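**Q** Predicted structure and sequence below. I'll ask about it afterward.
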Protein chains: 2
Amino acid sequence: MKLLEERIIKDGRVEGTDILKVDSFLNHQIDVELFNEIGKEFKRLYADKGITKILTIEASGIGIACIAAQYFNVPVVFAKKTESRNLDQETYESEVYSFTKQKSYIIRVSKRYIQENDKILVIDDFLANGKAALGLKDIIDQAGATLEGIGIVIEKTFQKGGQLLRQDGIRVDSLARVKAMENGQVIFEN
Amino acid sequence: MKLLEERIIKDGRVEGTDILKVDSFLNHQIDVELFNEIGKEFKRLYADKGITKILTIEASGIGIACIAAQYFNVPVVFAKKTESRNLDQETYESEVYSFTKQKSYIIRVSKRYIQENDKILVIDDFLANGKAALGLKDIIDQAGATLEGIGIVIEKTFQKGGQLLRQDGIRVDSLARVKAMENGQVIFEN
């Protein structure tokens, strides 16, 4: 997605060879106009899939998922990361390892909000090691629902998440694919 | 807001006298169509305030803030709750006590994303004890920006947050004001 790549080049900040900071428009400050273009693109890609629900994970996936959901006319469900007294006891759970935080955490989705007949589009901001996406897939599998695909804003193709998911037969659509970061510059695939 | 009160009566679940679960449409599964009506209402209330930025806090505020921001044509900034390796060192911080989790946490906003000339609308899903809202106000004060008001989806008026904020001279607009919960029923103000 040209607009997104241009924005990453303009406003992304590279630290070392593996950290890409896009907190001016994606995951701290949010450019809602850009999110609308991202939402339209996900809709174009999944227009014929009969998506019934968008699933994401807190926190930075929520904004993208909500804006995109407007084009699908479906609800969003976001997996929760922390144990909350106010969440249903009746939940699907999966364990996810975070390389950023160097620890595992549990993600949970109430059984009320994913049904066997759901056709689900997973949306998230980043794909790196793929652990969060695999956790969401695990939850969708537990519910007996169908994972139609995973829509990612920025994939780091030099990390192994995308490969793992695609090897598993999962459709993954990443709107920007970062091959490498060198000397403060972002290099995209293709 | 009539539509919201009706939805709370229809789909909210009361536990005891102080827990109102609205996770079927507000803070786990998200009804994006309802969020659009909420966004329009916040815009109506703050149309003449020259809002330049919407500030919220992860996680459940993000979806509402993003949808509402479409009516204001302004960016969203969400305060982060956890220490993340990928966040700027240059942040405004405030400490917030969570009654739900019975512990304090730090919220952070990068100094890049709030400026002195910003006129800020804070948006959040719930107002109970007001600790999160006060933390966000503290951050806005540190930045020297202007807090134009706080837009809340559901206020529990039997808890003291709304009173504390209004006593402080802060404008608070809550779209549903829950006075009490008795025998599984929600009773609204007015």
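**A** Now that the structure is in, tell me what you want to look at.
**Q** where does chain A dip in pLDDT?
**A** Residue ranges of chain A with pLDDT under 70: A:82-88.
**Q** Residue A:163: how many residues sit nearby?
**A** 12 (other CB atoms under 10 Å in any protein chain shown). All C-beta atoms are positioned from the backbone trio N, CA, C, and that covers glycine.
**Q** Can you give me the distance of it to residue A:105?
**A** In this view, residue A:163 and residue A:105 are 23 Å apart by CB to CB, to the nearest Å.
**Q** mind listing what the residue most central in space within chain A touches?
**A** By CA atoms, centre = their mean, chain A has its centre lying nearest to residue A:124, at 1.4 Å. Listed by CB atoms under 8 Å, 6 or more residues apart in numbering or on different chains, the contact set of residue A:124 reads A:56-57, A:60-61, A:64, A:132-133, A:150-153.
**Q** can you point me to the longest helix in chain A?
**A** Looking only at chain A and at elements set by DSSP state H, the helix with the highest residue count is helix A:32-46.
**Q** Could you spell out the sheet neighbours of the next helix or strand along the chain from that helix, each with its direction?
**A** Later in the chain than helix A:32-46, the nearest helix or strand by DSSP states H and E is strand A:53-57. When sheet partners are counted by DSSP bridges, strand A:53-57 sits next to strand A:76-79 (parallel), strand A:119-127 (parallel).
**Q** Can I get these in TSV including distance to residue B:92?
**A** Shown next, in TSV, are the strands paired with strand A:53-57 (distance: least, CB to CB, whole Å):
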stretch	distance to residue B:92
strand A:76-79	26
strand A:119-127	23
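**Q** just these: most buried one?
**A** When the strands paired with strand A:53-57 are scored by mean count of other CB atoms under 10 Å in any protein chain shown, the highest mean neighbour count falls to strand A:76-79 (a mean of 26).
**Q** Give the next helix or strand downstream of it.
**A** strand A:91-98.
**Q** So which elements touch the next helix or strand after that following strand?
**A** Using DSSP H and E, the helix or strand that follows strand A:91-98 in sequence is strand A:103-110. Packing contacts for strand A:103-110, counted by 3 or more CB pairs under 8 Å, 6 or more residues apart in numbering or on different chains; DSSP states H and E, involve strand A:76-79, strand A:91-98, helix A:131-143.
**Q** Quick check: which of those is buried the most?
**A** Most buried among the helices and strands packed on strand A:103-110, counting by mean count of other CB under 10 Å: strand A:76-79, with a mean of 26.
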